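Novice: coordinates for the following, if possible.
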Amino acid sequence: MVYTILFLKLFSYRDVNLWCRERRARVKTKPGEGLPRTGARSPAACYGEGWGGGRQQQGLTFPSGLPASAGKKANGGVAQRAGTVSYPDNLTYRDLYYFLFAPTLCYELNFPRSPRIRKRFLLRRLLEMLFFTQLQVGLIQQWMVPTIQNSMKPFKDMDYSRIIERLLKLAVPNHLIWLIFFYWLFHSCLNAVAELMQFGDREFYRDWWNSESVTYFWQNWNIPVHKWCIRHFYKPMLRRGSSKWVAKIGVFLTSAFFHEYLVSIPLRMFRLWAFTGMMAQIPLAWIVSRFFRGNYGNAAVWLTLIIGQPVAVLMYVHDYYVLHHEAVAAGP
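Specialist: Next up, the predicted model:
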């Protein structure tokens, strides 16, 4: 997980500085012209204006402490807010390390900053992190693990009626733990880190629970990853002439690869269940959007979340059990 996050952050860091370097060279040679066609984002990313659209606190300032409303002309006549950093002044260890620890995957030269650390807010988030960590561990050990262990014999005997019964029984604790994990990570942990670093953009998720389509769910449940995919993968593919459909498939392929990577490496086995599950979202998204609307679409999304995850869990646990336990029992 850490290596994946670091890779995505460094990819964004490289991209943004490349765009700024290209634009700086273009402005020097032909003043007044915009970003070259090879760029994948507007020049705002190079001058501290690319962070808009998030859920930010009031009274935000830029790193210098000057209000975001102040402005001046700089760098070949491009409008720039006073007190912001422009390329190449951002190429410092301090700037890089702040980005590496900030709760975002998309690099900006000037992030929105909150004026102070709210101690009560931070304390609540830290207490939530501690409580929900213990709760998840307890639920996994006392509820989920015994259910999974009791599911191995039906899988071995290929007793389909009991497999379905165990799947439905596993769906309850699995979904509860997933919801707790979501709140723990995206609300408690990321907000705690953001508060410590006075990071102003707190839009880590949107109302995915109201999703009436699979597409809406994937666009709103993990905003940091969604923004990275749009900025560094989807839009660059469109600018290179790909259709929206091809670009969407490319995004799902990339997401499927990282899902499989995050599961296969720790388990030390390669089974493609996570990859297949992610790629299955493409036809599933079409089916839900084509045949379901409103509350029926929302019910279909929730059904896929409740049933789909325990299926993947059981498949991986079964394969892990066969690979490590039955092979050992069989002997050389």
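Novice: contacts and neighbour counts: CA atoms only from here.
Specialist: Noted.
Novice: quick one, what contacts the residue most central in space within the chain?
Specialist: Residue closest to the average C-alpha location in the chain (C-alpha atoms, centre = their mean): Val225, at 2.9 Å. Applying C-alpha atoms under 8 Å, 6 or more residues apart in numbering to Val225 gives the contacts Leu105.
Novice: report the contact partners of Leu100.
Specialist: Each residue near Leu100 by C-alpha under 8 Å, 6+ apart is listed here: Leu6, Lys9.
Novice: correction: Pro154
Specialist: Pro154 touches Tyr160, Arg162, Ile163, counting by C-alpha under 8 Å, 6+ apart.
Novice: in a helix, it, correct?
Specialist: Yes: counting by DSSP: H, G, I helix; E, B strand; the rest coil, Pro154 is part of a helix.
Novice: Tyr321 versus that one, what's the distance?
Specialist: Distance, Pro154 to Tyr321, using C-alpha to C-alpha, to the nearest Å: 13 Å.
Novice: for Cys106, same thing?
Specialist: 39 Å.
Novice: swap in Gln219?
Specialist: 35 Å.
Novice: those two: which has the busier surroundings?
Specialist: Set Gln219 next to Tyr321 and count neighbours by other C-alpha atoms under 10 Å: Gln219 wins out with 19 against 14.
Novice: assign the more buried one to helix, strand or coil.
Specialist: Assigned with three-state DSSP, Gln219 falls in the helix class.
Novice: what sits closest to it if chain neighbours are left out?
Specialist: Using C-alpha to C-alpha, 6 or more residues apart in numbering and skipping residues adjacent in sequence, the residue nearest Gln219 is His226, 6.0 Å away.
Novice: so what's that neighbour up against?
Specialist: Trp218, Gln219, Asn220 are the contacts of His226 under C-alpha under 8 Å, 6+ apart.
Novice: between those, which sits nearest Ala285?
Specialist: Nearest to Ala285 out of the contacts of His226 is Trp218 (C-alpha to C-alpha; 10.0 Å).
Novice: what's the local residue count around the closest one?
Specialist: Counted with other C-alpha under 10 Å, Trp218 comes out at 17.
Novice: how close does it get to Asn295?
Specialist: Trp218 sits 18 Å away from Asn295, going by C-alpha to C-alpha.
Novice: again, but for Arg166
Specialist: Distance from Arg166 to Asn295, by C-alpha to C-alpha: 28 Å.
Novice: of these two, who's got more company?
Specialist: The residue with more neighbours, out of Arg166 and Asn295, is Arg166; 20 against 12, by other C-alpha under 10 Å.
Novice: mind listing the strands for this protein?
Specialist: 71-74, 78-81 (DSSP state E).
Novice: least reliable of the ones you listed going by mean pLDDT?
Specialist: Ranked by mean pLDDT, the strands of the chain bottom out at strand 71-74, which scores a mean of 36.
Novice: what's around Thr29, how many residues?
Specialist: Going by other C-alpha under 10 Å, the residues that sit close to Thr29 add up to 10.
Novice: closest one of the contacts of His226 to Ala192?
Specialist: Asn220 (20.4 Å).
Novice: who touches the closest one in this structure?
Specialist: Tyr205, Arg206, Asp207, Trp208, His226.
Novice: rerun at 6 Å
Specialist: Going by C-alpha atoms under 6 Å, 6 or more residues apart in numbering, Asn220 touches Tyr205, Arg206, Trp208.
Novice: rebuild the residues you listed as JSON lines, extending it with pLDDT and distance to Thr254.
Specialist: Below are the contacts of Asn220 laid out as JSON lines (pLDDT from 0 to 100; distance: C-alpha to C-alpha, whole Å):
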{"residue": "Tyr205", "pLDDT": "94", "distance to Thr254": "20"}
{"residue": "Arg206", "pLDDT": "94", "distance to Thr254": "22"}
{"residue": "Trp208", "pLDDT": "94", "distance to Thr254": "21"}
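Novice: those in helices, which ones?
Specialist: Assigned to helices by DSSP state H, none of these qualify.
Novice: so which residues of the stretch 151-300 of the chain form helices?
Specialist: For the stretch 151-300 of the chain, applying DSSP state H, counting those that start in this stretch gives helices covering 152-157, 160-182, 190-196, 214-220, 223-229, 235-239, 244-267, 273-279, 281-291, 294-321.
Novice: indicate which one of those helices is closest to Tyr13.
Specialist: helix 223-229 (11.2 Å).
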